[in-house]
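Undergrad: okay, sequence plus prediction incoming.
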Protein chains: 2
Amino acid sequence: MQGPSLSMREAASMYGTAVAIFFVILVAALQGSVPPKSPFPYHIPLDSKGVLKLSWNISYVQETIHFQLSVRDFRAGVLFGMSDRGELENADLVVLWTDGNRAYFADTWSDQKGQIHLDTQQDYQLLQAQETSDSLSLLFKRSFATCDPKDYLIEDDTVHLVYGILEEPVQSLEAINTSGLQTGLQLVQLLKTEVPTPAMPEDVQKMDLKAPEVTIPGEETTYWCHVIELSQSFSRHHIIMYEAIVTEGNEALVHHMEVFQCTAELDNPDFSGPCDSKMKPDRLNYCRHVLAAWALGAKPFYYPEEAGIAFGGPGFSRYLRLEIHYHNPLKIQGRQDSSGIRLYYTATLRRFDAGIMELGLVYTPVMAIPPRETAFVLTGYCTDKCTQLALPPHGIHIFASQLHTHLTGRKVVTVLARDGQERKIVNRDNHYSPHFQEIRMLKKIVSVHPGDVLITSCTYNTDDREVATVGGFGIHEEMCVNYVHYYPKTDLELCKSAVDPGFLQKYFHLVNRFNSEEVCTCPQASVPEQFTSVPWNSFSRETLKALYNYAPISMHCNKSSAVRFQGEWDLQPLPKIISTLKEPTPNCPAHRAPGPAGPTVVNIG
Amino acid sequence: MQGPSLSMREAASMYGTAVAIFFVILVAALQGSVPPKSPFPYHIPLDSKGVLKLSWNISYVQETIHFQLSVRDFRAGVLFGMSDRGELENADLVVLWTDGNRAYFADTWSDQKGQIHLDTQQDYQLLQAQETSDSLSLLFKRSFATCDPKDYLIEDDTVHLVYGILEEPVQSLEAINTSGLQTGLQLVQLLKTEVPTPAMPEDVQKMDLKAPEVTIPGEETTYWCHVIELSQSFSRHHIIMYEAIVTEGNEALVHHMEVFQCTAELDNPDFSGPCDSKMKPDRLNYCRHVLAAWALGAKPFYYPEEAGIAFGGPGFSRYLRLEIHYHNPLKIQGRQDSSGIRLYYTATLRRFDAGIMELGLVYTPVMAIPPRETAFVLTGYCTDKCTQLALPPHGIHIFASQLHTHLTGRKVVTVLARDGQERKIVNRDNHYSPHFQEIRMLKKIVSVHPGDVLITSCTYNTDDREVATVGGFGIHEEMCVNYVHYYPKTDLELCKSAVDPGFLQKYFHLVNRFNSEEVCTCPQASVPEQFTSVPWNSFSRETLKALYNYAPISMHCNKSSAVRFQGEWDLQPLPKIISTLKEPTPNCPAHRAPGPAGPTVVNIG
C-alpha cells in the first residue's frame, strides 16, 4: 500500500476546487437498478490515510455488488478496480475523470503496460454521484461475472482492490499515465458469507483482549505481542462469537489481529511489546494454537448455534497471546492504540465442542519448491485411512477455514474426495496473499465422513529466489496449511503428509545421472543442502513435480503434534483420484443492461 | 459422418408436410444487418445424402459470418452448430424447431449429456427463413467471437460442424432428445483465406488428372490410387493454380484428393485401383512427394504471382499418383466417378520456383506417446544452425501449409522464433483432424530468415490405446509434420528433429530405478520393444515429457531424405525460448445487437 506523494498533491491543488464545483447529485442509468436493500454492511479504507473509503453490499440473488466509493478532497479523478495480484497493469478499472470542463465515468481496463482503454462492454453502472463539502461519493454496481474477458471475475476469495488518484485533469482516458499516479492496493474478501446471525444466549459474557495504550511504532510493519492471563478460577466456557474492537481513528493502521492459546503446561510471564523484541520471552513461541483471528474488513465471527470453542477450565492454558499487525506505511509517529478482540462466551455449554484441525503439508524440508518458479504446486493429503480411523461414524462438519502459507504462497485450495472422486471444494483462494489470512466462514458447511480424503494444494511463486525453498517453520521456508474449524471436536489435530524421504533420495540420484553437476547423496548431507546443490533445469524441475505426484507419502495422522494414531503411516500410497471437479462456466448476466457504449458524462454544471 | 435412419424418417413423414406449410418468407431482427456482400462463395454438403447444405461468406471487417443452411424435405426441425471435436454434447447450436403449431429459432448450447439449453445471449441472428417446394432455407449470422462462454470461438482452423434432424415436433427446446436424432458432423475451414486472385497468363494450359470411370466401391472408406504418365517430351513448366473437378452428384462422396510426384528414377507401371489392393505395385510407395492436395470445401489453390511449382523437365518424374479418398458411409453401390485435380500451368516460368519443406519430427520410434493420454505433446525443431546454413541470405517466404499426423493427432502448430523469442504462428490447428488434411493458404506470408527457429508441436490423444504409440511410417505409428509451401526453393527439404537416442536410454534406466517392473535396457531390445515394456504410471509419463523437453536432439537438416547438409547434427541443444506468444483475448462484438432474450417465433401462418 503506497501513500500519496505530497509534492504532487500540492502542485495539483489549484485544479481541485475548480473541478469540484461541477459535481451535484446525479442519478444515471436507472433501468433495472434496485436500490440497495440496506445501507452498506461492509466497509474498508483503501489507503492508510483514509482518503478513499469503500462500502459495499451483495445481492446473491442478482449476483451483483453495489459499491459506494467515497473520495476525500476530490480533485481531478479517481481509478478503482481489481486485478490479479494488485497491479495497476492488466486491471479491471472504473475511472472517473475530468478534463477541466466535464466529468466522465467509464468501465475500462489497463493493458500490461498500464495504459487504460475503454471496455467494449460497460459493465460498471454508475447510479449516483454526490458531493458533500469535503468528499465525493460514487454509487455504482457490477455483476459478479460479466463475461467481458477484460473484466475481473468476482469470486468468493481474496480480491486485490487497486486505486489511483488523479491530481490533474486529463484530456482523455488514454492520456492517463498510471505510472505517475498515487496508487495503492487493498486486500479484501468482497463476497462475504452471509449467514443468519445466531441469537446470543442470556448469560452471554464479554471479555476484551486488548493491548492497552500501545504507542504504535513509526515503522511500516510491527507485530505487537501482548500476553493476557485468565483468572485462576476461570472455569470451562464456550466462546460463541468474537469481533474486533479497533480504536477510533486507527482503522487504516490495524491490519490484522490473532489470539493464540499457549500450551497448557506453560507458565507465561507478562509481556507487551514488539514480537521480535529481544525482551520477548522464548516461551511465547509455544503460544501458537489459534483461538480467534481477524483481518481488515472481516465481520464478527459467529460459531454455529450448536457449537462453541472450549475456553477455560482444566487442560486449558490460562495464558493467551494477542498479536496485532500494525501496517503503518506513512510511518506516523506517536499514535496511541488499544485495539483488540472482544470474546463473547457462555457458561451454558453448547451441544458440541468445536475443534481446529490442520490439513496440508508436514513442516519438513523434503517438500521443496525450486527457485524461479512462478506457479509451483505442492500438495498435502489427509488420507482415507486416517479419516476412517479418527473421525466419528457420523463425520465432522467444517464451518470455517483459515488458509496459511509463508511469503511465496499465491493460491491455496482444499478439495474433499470420496470414492476416488473429487466432490467439493472445502475452501479455495486463487488470489491468496500471505499478508491477508482471515478465518472465513464457509458459504456451506462441508461434512467429512470416515474414509473421505482431503487434498490441500498450495501454489508458490519463487520467481525472486535464487535457491530452493524448503518446507519448515522459518519465514523464508514454506508451509501449506488449511486450519479447518469444525464440530464435533475429535482427537485428530493434524492430518498432513509429506513425500517419502527414501523416494526423494532416488530423485537426487536420478538428477545426478542426467547432469554433470553432482548432488551429494551421501548420508551426511542434509535435505536442504541436497536441494541447494540440485542443478535447476527443466528436467530436474519437471521430475521433482513428477516425484511429488507419484511417490508414496509419509502421513501425520496425529492427536497432537507429537502423538500419532496407531497404525502404519510410512510409505502410504497417494490417494487415487479418478475424477476431478470441473470449473463451472460463469453465468453471464441474462439481461445485459443496454448501457452506454462509451463513457457517461457526469453532470456538467 | 452418419446418415439418416430411414425407419425414423418414414415414421415421421406425416408431420413433415403439415408443418412445412407454416413457413413463408420472414425477415427478422434486421437491425444493423448488412445484406451479404455477394452470394455465398463457400459451399459444403453436411451429410452424404445432400439433405443439408451449408453456404457461407465472411466479413473480416465486421468479424461476422453469414450462414445459409438449406434443408431438403424439411419436417419438424434442424440443429446446426459447432463443437470441439464434432460431438453433439458441449456444442454451440442453433435450433429451428416446431411444436406442431409454431416454429422457433434460438441460439442454444448442449451440456455434457447432450441436453439442450437456451443461451443467455442470443448471438446467432436469424435474418430470413424461406421455403421452396422441396427445401427450407435459413439465413443467419454470427460474430467470430461472441464472448458468451457457451459459444464456440470461430478461428482460422478446422471447425467440426455438427447437425441433427428433428423428424417430429417437440413441445419445447428442453424436450429434444439429441441421442435419438439423425446426427452427423462435417469438417471444414470456415475462415478461408481471401487473397486477391492472381491473373492467369495468356499461355496458361490445363491438365486434368483424373481417375476415369471409377466405380466407387460400396464401402465406407476407399483410397483409390491412379497412376498418370506425362509425355516423354514434357518440358519444364510452372504449376500456378489447381482446383478440384468433382463429378456432378458425387459432391458428398469425394472426401479428399492428393497428387503425389514419384521419385525421378522410378519407372512406374500403369495402375488404377484401391490403394490397399494386393495388385498395387510396391513401387507406388515411392510416390509420396505432395504436388497438390484438395479436401472437401477447399477452393482453387493459387500460387503467389511471383512463384510456381516446377512441373516436368529434367529431374522430374514422368509419373504422378492421384489418390482419391471416397467416403461412402451409406455404402451406395455402383456409383460412377471421374473426379480429379485440374492443374493450370505455364511454360513462361515465374521468377521463383516454389518448394515444399518438411518441418516437425523425424519418423523414428524414439519419439513416442504413452497409452491413455488425452493430450500428449511431441515437438520437433528446425534449429537456427540449420536455417543459418541452408536458407538464402534474404530468407524464404512461406505462403501455404499442410499439417500432417496419423490417427491420434488432435492439434498441430508451428511457431517461428527469432533471438529466443516466439514471434509468430506459421500455422495452427487446435481442432486438427487426420481425416481433413488440406493445404491451406496462410492469411499472411511468413518470412523465415537464416538463424530463425521453427518449432512444430503436435498434440495426440491415445486414450483408446493399450500400448505406447511410437513414431514411424505405419498408420498405427505417429508423425508430426508441417509441409510448408514457400519460395524461393532451396536445397533444404527436411528440417526435423528427434530426441537423442542415448538420453532415451538414460530414461529407460531411470524408470527401472523407480519401479519393480523392468524395462530391458540391453542392446538387443528395440526401442519399440522398450517402450512396450515401460510400466505407465504418472512418474514414467511425466519424466518422458521432461526428457523430451530437456534432452539434446538429433537434427535432420537434409537436402533430401537421405542427404544431410554438412555439419554436426547429433547431440544438439534444444533451442532456448525465453518468451512465448500470448494468446490474444478475443474481441467481443462492440455493439451487441439488442436481440431477443429467448427464442424467435418464426412466422405463424
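TA: All right, it came through fine. Numbering: from 1, shown residues only, chains lettered A, B, ... in the order given.

Undergrad: from here on, just use CA atoms for contacts and neighbour counts.
TA: Fine.

Undergrad: name the residues of the stretch 51-200 of chain A found near chain B, please.
TA: Residues of the stretch 51-200 of chain A found near chain B (C-alpha under 8 Å from any C-alpha of the partner chain) are A:Thr120, A:Gln121, A:Cys147, A:Asp148, A:Pro149.

Undergrad: JSON lines for these, including distance to A:Lys411, neighbour count and secondary structure?
TA: Shown next, in JSON lines, are these (distance: C-alpha to C-alpha, whole Å; neighbours: other C-alpha atoms under 10 Å in any protein chain shown; DSSP: H, G, I helix; E, B strand; the rest coil):
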{"residue": "A:Thr120", "distance to A:Lys411": "30", "neighbour count": "20", "secondary structure": "coil"}
{"residue": "A:Gln121", "distance to A:Lys411": "29", "neighbour count": "26", "secondary structure": "coil"}
{"residue": "A:Cys147", "distance to A:Lys411": "23", "neighbour count": "22", "secondary structure": "coil"}
{"residue": "A:Asp148", "distance to A:Lys411": "24", "neighbour count": "22", "secondary structure": "coil"}
{"residue": "A:Pro149", "distance to A:Lys411": "21", "neighbour count": "18", "secondary structure": "coil"}
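
Undergrad: widest-spaced pair of the residues you listed?
TA: Spanning the widest gap among those are A:Thr120 and A:Cys147, at 11.5 Å by C-alpha to C-alpha.

Undergrad: contacting residues for A:His476?
TA: Contacts here follow C-alpha atoms under 8 Å, 6 or more residues apart in numbering or on different chains; on that basis A:His476 touches A:His406, A:Leu407, A:Thr469.

Undergrad: how about TSV for those residues, with secondary structure added?
TA: Compiled in TSV, the contacts of A:His476 are given as follows (DSSP: H, G, I helix; E, B strand; the rest coil):
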residue	secondary structure
A:His406	coil
A:Leu407	coil
A:Thr469	strand
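
Undergrad: I'd like those written out as CSV, with distance to B:Gln524 added.
TA: Conversion of these to CSV gives the following (distance: C-alpha to C-alpha, whole Å):
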residue, distance to B:Gln524
A:His406, 52
A:Leu407, 53
A:Thr469, 44
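
Undergrad: filter these to the buried ones?
TA: A:His406, A:Leu407, A:Thr469 (16 or more other C-alpha atoms under 10 Å in any protein chain shown).

Undergrad: the closest residue to A:Gly340 other than its chain neighbours: what's it in contact with?
TA: In space, and not counting its chain neighbours, A:Gly340 is closest to A:Lys210: 4.2 Å by C-alpha to C-alpha, 6 or more residues apart in numbering or on different chains. The contact partners of A:Lys210, by C-alpha under 8 Å, 6+ apart, come to A:Leu322, A:Ser338, A:Ser339, A:Gly340, A:Ile341.

Undergrad: show me what the fourth one is bridged to.
TA: On DSSP bridges, the residues paired with A:Gly340 through beta bridges are A:Lys210, A:Ile245.

Undergrad: you'd agree it is up against A:Asn250?
TA: No. Contact criterion C-alpha atoms under 8 Å: A:Gly340 and A:Asn250 do not qualify, at 11.9 Å.

Undergrad: neighbour count: the two, which is higher?
TA: A:Gly340 (25 against 20; other C-alpha atoms under 10 Å in any protein chain shown).

Undergrad: show me what contacts that one?
TA: Neighbour list for A:Gly340: A:Asp208, A:Leu209, A:Lys210, A:Ala211, A:Ala244, A:Ile245, A:Val246, A:Met257, A:Leu322, A:Ile324 [criterion: C-alpha under 8 Å, 6+ apart].

Undergrad: any idea of the pLDDT on it?
TA: A:Gly340 carries a pLDDT value of 96.

Undergrad: and of the residues of the stretch 51-200 of chain A next to chain B, the nearest to chain B?
TA: The closest of those to chain B turns out to be A:Thr120 (C-alpha to the nearest C-alpha; 5.1 Å).

Undergrad: and the closest one, how far is that from A:Pro281?
TA: Going from A:Thr120 to A:Pro281 by C-alpha to C-alpha, to the nearest Å gives 59 Å.

Undergrad: so who does A:Gln112 touch?
TA: Taking C-alpha under 8 Å, 6+ apart, we find A:Gln112 in contact with A:Glu89, A:Asn90.

Undergrad: did I read that right, it in a strand?
TA: No. Assessed with three-state DSSP, A:Gln112 is coil; it does not lie in a strand.

Undergrad: for A:Asn482, give me its contacts.
TA: By C-alpha under 8 Å, 6+ apart, the contact list for A:Asn482 reads A:Glu358, A:Leu359, A:Gly360, A:Ser401, A:Gln402, A:Leu403, A:His404, A:Thr414, A:Thr456.

Undergrad: returning to what we had before: format the buried ones among the contacts of A:His476 as CSV; extra columns: pLDDT.
TA: As requested, those are arranged in CSV below (pLDDT from 0 to 100):
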residue, pLDDT
A:His406, 90
A:Leu407, 91
A:Thr469, 97
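
Undergrad: for the stretch 301-450 of chain A, which segments count as strands?
TA: Along the stretch 301-450 of chain A, counting by DSSP state E, counting those that start in this stretch, strands occupy A:301-302, A:307-311, A:319-327, A:336-337, A:340-346, A:352-361, A:368-369, A:376-382, A:396-404, A:409-418, A:421-429, A:440-448.

Undergrad: could I get the average pLDDT for the last one?
TA: In other words, strand A:440-448. Strand A:440-448 carries an average pLDDT of 96.

Undergrad: that one to strand A:409-418, inter-axis angle?
TA: Going by axes from the mean of the first three to the mean of the last three C-alpha atoms, to 10 degrees, strand A:440-448 is angled at 30 degrees with respect to strand A:409-418.

Undergrad: just the buried positions in strand A:440-448, please.
TA: Burial within strand A:440-448, assessed by neighbour count using 16+ other C-alpha under 10 Å, is assigned to A:Arg440, A:Met441, A:Leu442, A:Lys443, A:Val446, A:Ser447, A:Val448.

Undergrad: could you export the residues you listed to CSV, including columns for distance to B:Cys287?
TA: Below are those laid out as CSV (distance: C-alpha to C-alpha, whole Å):
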residue, distance to B:Cys287
A:Arg440, 69
A:Met441, 70
A:Leu442, 67
A:Lys443, 66
A:Val446, 65
A:Ser447, 66
A:Val448, 65
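
Undergrad: just to revisit the earlier point, export the strands of the stretch 301-450 of chain A to TSV and tack on distance to A:Thr585?
TA: Output for the strands of the stretch 301-450 of chain A, formatted as TSV (distance: least, C-alpha to C-alpha, whole Å):
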stretch	distance to A:Thr585
strand A:301-302	31
strand A:307-311	36
strand A:319-327	38
strand A:336-337	46
strand A:340-346	40
strand A:352-361	28
strand A:368-369	31
strand A:376-382	24
strand A:396-404	25
strand A:409-418	19
strand A:421-429	16
strand A:440-448	19
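
Undergrad: right, and the ones you listed - which one's nearest B:Ile553?
TA: It's strand A:376-382; of the strands of the stretch 301-450 of chain A, that one is closest to B:Ile553 (C-alpha to C-alpha) at 27.1 Å.

Undergrad: what lies in contact with that closest one?
TA: With contact meaning C-alpha under 8 Å, 6+ apart, strand A:376-382 is reached by A:359-362, A:367, A:369, A:453-461, A:480, A:495-498, A:548, A:555, A:557, A:575.
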